[in-house]
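> Here you go, sequence then predicted model.
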Amino acid sequence: MTIRVGIIGAGTMGRAHAIAIDREIKGAALAAVSEPEERNVAALRAAIGPVAIFADPEDLITSPDVDAVIIASPDHTHAGYTAACIRRGKPVLCEKPLADTSAACRQIASHAASPEAPPVLVGFMRRFDPAYRSLKMELARDEVGPLRLIRCVHRNRVAPAFFTGAMGISNAMVHEFDILRWLTGAEPVRVLVSAPPANAQERDPLLALVELSNGALADIEVSMNAGYGYDIRTQVLGREGMIEMAAPSFAQVGVNGRMVEVPCADFVERFADAYRVMLSCWVQGIGNGIPTAEGASAVDGLRAMQAAEAAIASLRSGGWSPVPPVGRDPW
């Protein structure tokens with residue numbers, strides 16, 4: 001069985017997914033793309049050749065030639081397109097965030113909880129990354145004792161042009177909130193976020209402290225304009241030892257009498273394996289009728305956005321901000 005995949009959005013992320021579906025994902029075929037920017041359409045066709053283009057994403061979702069949908073359009077469109085996919089009974093992989101507000105995430109999660117709803121997967125690809133999986137396996141061995149501190153570093157070489165306002169939290173730090181929950185099985189309880197006074201208007205870099213329900217503390221650094229490359233690190237400190245996530249392999253370059261490492265340029269390069277595994281699991285799950293258990297659900301998307309909204313509130317107020325408890329979820 002071949003799953004015919006439609007993709008909404010052909011920017012950096014949508015194009016990467018389209019290329020992977022077209023070339024690398026067994027059991028899947030790229031059926032159509034919806035993208036308003038002609039330059040993005042041209043770049044996609046240059047990479048993979050002819051592909052059906054829908055002007056209206058709703059037409060792609062309702063097309064009988066599309067079995068499942070990937071949403072890689074701007075954040076503010078995610079909720080509407082995901083809801084449309086659920087209404088049409090089509091499995092959906094929505095890039096993070098699931099929606100740009102927790103209220104919208106909650107509505108989607110409520111609809112997705114229906115037994116008749118198609119599977120909804122949120123694109124938190126780090127759950128599929130070999131380095132993160134290895135870190136979680138080591139944590140499960142329980143050799144470092146009870147968790148005390150988790151340190152997360154998230155650095156981009158340069159912020160995308162569309163980044164505005166608090167997107168360093170809602171579009172970047174949101175990854176860390178999901179990975180903290182996935183690694184520890186604990187929930188964020190409250191968050192404190194600050195930016196250096198000299199860069200307060202730019203909101204970059206950001207430093208967050210997160211109290212978790214298991215008693216551990218996490219700190220998160222998000223630097224959207226680090227300059228030197230794309231750099232993701234996570235370290236866990238327990239009462240009796242430490243575990244650090246394996247670093248990616250960098251190219252070694254010899255020049256002018258010295259050896260230097262060339263870091264990853266962006267998230268597409270750093271997490272190429274994770275994206276492939278995520279897409280493969282998603283497609284296989286659709287074909288088998290069993291949603292992938294490894295990925296992030298709509299509820300996971302809601303919890304990450306709730307933490308992100310608390311972080312944004314903290315950044316504005318300068319004080320600790322609580323994250324709504326899990327017990328308030330209607331399911």
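Yep, it's here. Numbering: from 1, shown residues only.

> Outline the domain layout of the chain.
Split into domains by automatic domain parsing, the chain comes to 3-124+271-296, 127-270+306-328.

> Can you tell me which of the ones you listed is most buried?
Greatest average neighbour count among those goes to domain 3-124+271-296 (a mean of 19), per mean count of other CB atoms under 10 Å. All C-beta spots, glycine's among them, are computed from the backbone N, C-alpha and C.

> Now do the end-to-end distance for it.
In domain 3-124+271-296, first residue to last residue: 20 Å (CA to CA, to the nearest Å).

> among the domains of the chain, where is the model least confident on average?
In terms of mean pLDDT, the lowest-scoring of the domains of the chain is domain 127-270+306-328 (a mean of 90).

> Against Glu35, how distant is Ala84?
Applying CB to CB, to the nearest Å, the value for Ala84 to Glu35 is 17 Å.

> now Val51
10 Å.

> again with Gly145
50 Å.

> cool, and Glu261?
35 Å.

> related to what we said a few turns ago, shared neighbours, Val51 and Glu35?
Common neighbours of Val51 and Glu35, using CB atoms under 8 Å, 6 or more residues apart in numbering, are Leu44.

> is Val191 in a bridge, and if so with what?
Beta-bridge pairing for Val191 (DSSP bridges): Val210, Ser321.

> Quick check: phi and psi on the residue nearest the centre of the chain?
The residue lying closest to the centre of the chain (CA atoms, centre = their mean) is Phe124, at 3.2 Å. With angles defined as degrees, to the nearest 10, Phe124 sits at phi -80, psi 80.

> In contact with the nearest residue in space to Ala32 that is not next to it in sequence, which residues?
In space, and not counting its chain neighbours, Ala32 is closest to Ala52: 4.1 Å by CB to CB, 6 or more residues apart in numbering. Applying CB under 8 Å, 6+ apart, we find Ala52 in contact with 31-33, 65.

> Where strands are concerned, which of those residues count?
Among these, DSSP state E puts 31-33 in strands.

> mind putting the residues you listed in a markdown table, distance to Glu138 included?
Output for the ones in strands among the contacts of Ala52, formatted as a markdown table (distance: CB to CB, whole Å):
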| residue | distance to Glu138 |
| --- | --- |
| Ala31 | 40 |
| Ala32 | 42 |
| Val33 | 40 |
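
> of all those residues, which comes closest to Arg270?
Nearest to Arg270 among the ones in strands among the contacts of Ala52, counting by CB to CB, is Val33 at 24.2 Å.

> Quick check: that closest one touching Pro50?
No: under the criterion of CB atoms under 8 Å, Val33 is not in contact with Pro50, lying 11.0 Å apart.

> Strands of the stretch 151-300 of the chain, residue ranges please.
188-194, 206-212, 217-223, 231-238, 242-244, 251-255, 258-262 (DSSP state E, counting those that start in this stretch).

> possible to save those strands as CSV with distance to Gln284?
Formatted as CSV, these follow (distance: least, CB to CB, whole Å):
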stretch, distance to Gln284
strand 188-194, 31
strand 206-212, 32
strand 217-223, 32
strand 231-238, 26
strand 242-244, 30
strand 251-255, 32
strand 258-262, 34
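
> So for Glu294, which of those strands sits nearest?
Comparing the strands of the stretch 151-300 of the chain against Glu294 with CB to CB, the closest turns out to be strand 231-238 (17.6 Å).
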